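> take this sequence and fold it.
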Amino acid sequence: MSAPHGPGSLVAGYRLQRLIGQGAQSEVWLATRADHAQPLALKLVALAQGAGAEAQQAAFAAATQAARRLHHPGIATLHDAGIAGATGWLAMELVPGTDLVRYTRPARLLPEAAALRLAGRIADALAHAHAQGIVHRDLKPANVLVDWAGDQVKLVDFGLARVLGAAQTGTGLVLGTPSYLAPEQLAGAPPTPAGDLYALGVTLFELLAGRLPHEASSMGELLRQVAQEPAPDLRTLRPDVPPALAALVGRLLAKAPAGRPADAAVVAAELRHLGRRIAGADTP
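Below you'll find the model as predicted:
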């Protein structure tokens, strides 16, 4: 993102304090505003100019309007949003802590019970969104924030994949996140709750195995694997994982949407049950 923003700049009445995150088309700033008692996270999104600008601005408006309907402890609150020139902005709840990316690395894997608690809370948040008719579209570890001290797990960026993916392939692929997209989305089908469950399966696989289900040296080979090859059985990488947990991950990663669990609430309940068993709270 190349917008001339810097500490002290004003965007839609918000004073930028410190850059706390950055992507190819977006920045996240610690920001303040006179009518807010607490600092906020202000996400700035570079929108298209010229051809395609009107469509992308409409997509941004639709995504933010939908996100305003989400009120759940597992979803970062969107306080306000708008467009200033060629920049879309979102004033969001500031969530302390870190994203889940660090816990997908082999040297930093979480205990199984902790990984299942996190995944269960993600599933609860998805269930709330899906009940409102809202699909995340881009669930991945980078879009899940965890604050251990405050016992918070928060999903961010609901629906923004449609906005940030303005440059798409003919299949509708949102560039940069193909590893988490369900096979039907790679084929151009509209995003659905079943696609979010597939992405949850990829995320859980990463948290447990320290690698993605499908990995390749080229984008073409990766897309072929996601579309055609079954995901590896989690037990081939983690023989210690209970068969029931490996089976759940396998169902989440089913190629066909009909092969996945019925909905996110069902997944959340199953994850909690497995987590209790692994922690020793239940008898086998």
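
> how close does Ala247 sit to Gly259?
Per C-beta to C-beta, to the nearest Å, Ala247 is found 12 Å from Gly259. Glycine gets a C-beta too; all of them are placed from N, C-alpha and C.

> for Gln56, same thing?
34 Å.

> what about these two, which has more around it?
Higher neighbour count among Gln56 and Gly259: Gln56, with 22 against 12, using other C-beta atoms under 10 Å.

> wait, that one touches Leu47, no?
Yes: using C-beta atoms under 8 Å, Gln56 is in contact with Leu47, at 5.3 Å.

> by mean pLDDT, flag the weakest helix or strand of the chain.
Every helix and strand in the chain was compared by mean pLDDT, DSSP states H and E; the lowest is helix 161-164, with a mean of 62.

> ok, which stretches of the stretch 101-250 of the chain are helices?
In the stretch 101-250 of the chain, the helices defined using DSSP state H, counting those that start in this stretch lie at 112-131, 161-164, 183-186, 193-209, 219-228, 243-252.

> any chance of these in CSV, plus distance to Gln25 and mean neighbour count?
Shown next, in CSV, are those (distance: least, C-beta to C-beta, whole Å; neighbours: other C-beta atoms under 10 Å):
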stretch, distance to Gln25, mean neighbour count
helix 112-131, 23, 22
helix 161-164, 5, 24
helix 183-186, 20, 21
helix 193-209, 20, 24
helix 219-228, 19, 15
helix 243-252, 29, 18
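
> tell me which of those helices sits nearest to Leu271.
Taking C-beta to C-beta, helix 112-131 is the member of these nearest to Leu271, at 3.8 Å.

> who does the closest one touch, helix- and strand-wise?
On a contact count with 3 or more C-beta pairs under 8 Å, 6 or more residues apart in numbering; DSSP states H and E, helix 112-131 meets strand 144-147, strand 152-155, helix 193-209, helix 264-279.
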